[in-house]
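Asks: Just to be clear, the model below is a prediction. Sequence and coordinates:
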Amino acid sequence: MAVELREMTVEEYLAFDEASEIQHEFIDGELIPMPGGSGPHNAIVARTIIALGNALAARDCTVFASQMRVQNDKTKYLYPDMSVVCGEPAYADDNEVILLNPTVVVEVTTPSSIERDHVNKVELYGAVPSIQGYLILAQDRAFAEWYTRSESGWHLRQFTDPADEIELTPLGCTLRLADVYRGLRLQA
């Protein structure tokens, strides 16, 4: 749910967000609070970071957790649940907390973020030229949507079986849904 405090400049947003106890995304002057996730949400993020970190250990790729902002353009800043950069990370700031060149971004849906993750962020991440893949993971069931960039826009594949393996071509590795959802109580 978006909360518009007032029209802010980017500089005001960055100062406000740094001082805030919770993160806020920023879209053209609008603040969107990003409260912490549930236990299952955090477990899925952690397991995905571990799985991708292990799969990419021998490659020139860096896996970042949710504290890293991604700059869409000069008036849009997002907090994906995780980002992966292959090659040298590029930052918009001296503190190295605003990432300019993610290769893949990952979001784990929550009841309050599901529409934004599936609609708004598909468009927002599509506007970042370096992003070659966008992975959305459900927190309540074994379900993934894998968007890959093509000349005509995003190409979407869905995965619903815990035995499924997602070929993360931009990263040169696979992600097994069983590794992501292991031990969680999920809907059938």
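Replies: That came through, no problem.
Asks: ranges for the strands of this protein?
Replies: In chain order, the chain shows strands spanning 23-27, 30-34, 61-64, 69-73, 76-78, 82-86, 98-99, 104-108, 133-137, 144-150, 153-159, 165-168, 173-176, with DSSP state E as the criterion.
Asks: now, of these, which is deepest in the fold?
Replies: Of these, the one with the most neighbours on average (mean count of other Cβ atoms under 10 Å) is strand 104-108, at a mean of 26. Using the backbone N, CA and C atoms, a C-beta is placed for each residue, glycine as well.
Asks: Could you list every helix and strand in contact with that one?
Replies: Contacts of strand 104-108 with other secondary structure elements, assessed using 3 or more Cβ pairs under 8 Å, 6 or more residues apart in numbering; DSSP states H and E, are made with helix 39-55, strand 82-86, strand 133-137.
Asks: about what we covered before: closest to H118 out of the strands of the chain?
Replies: Taking Cβ to Cβ as the criterion, H118 comes closest to strand 133-137 out of the strands of the chain, the separation being 6.5 Å.
Asks: so what's D81 up against?
Replies: Taking Cβ atoms under 8 Å, 6 or more residues apart in numbering as the contact definition, D81 lies against 37, 45, 48, 66, 106-108.
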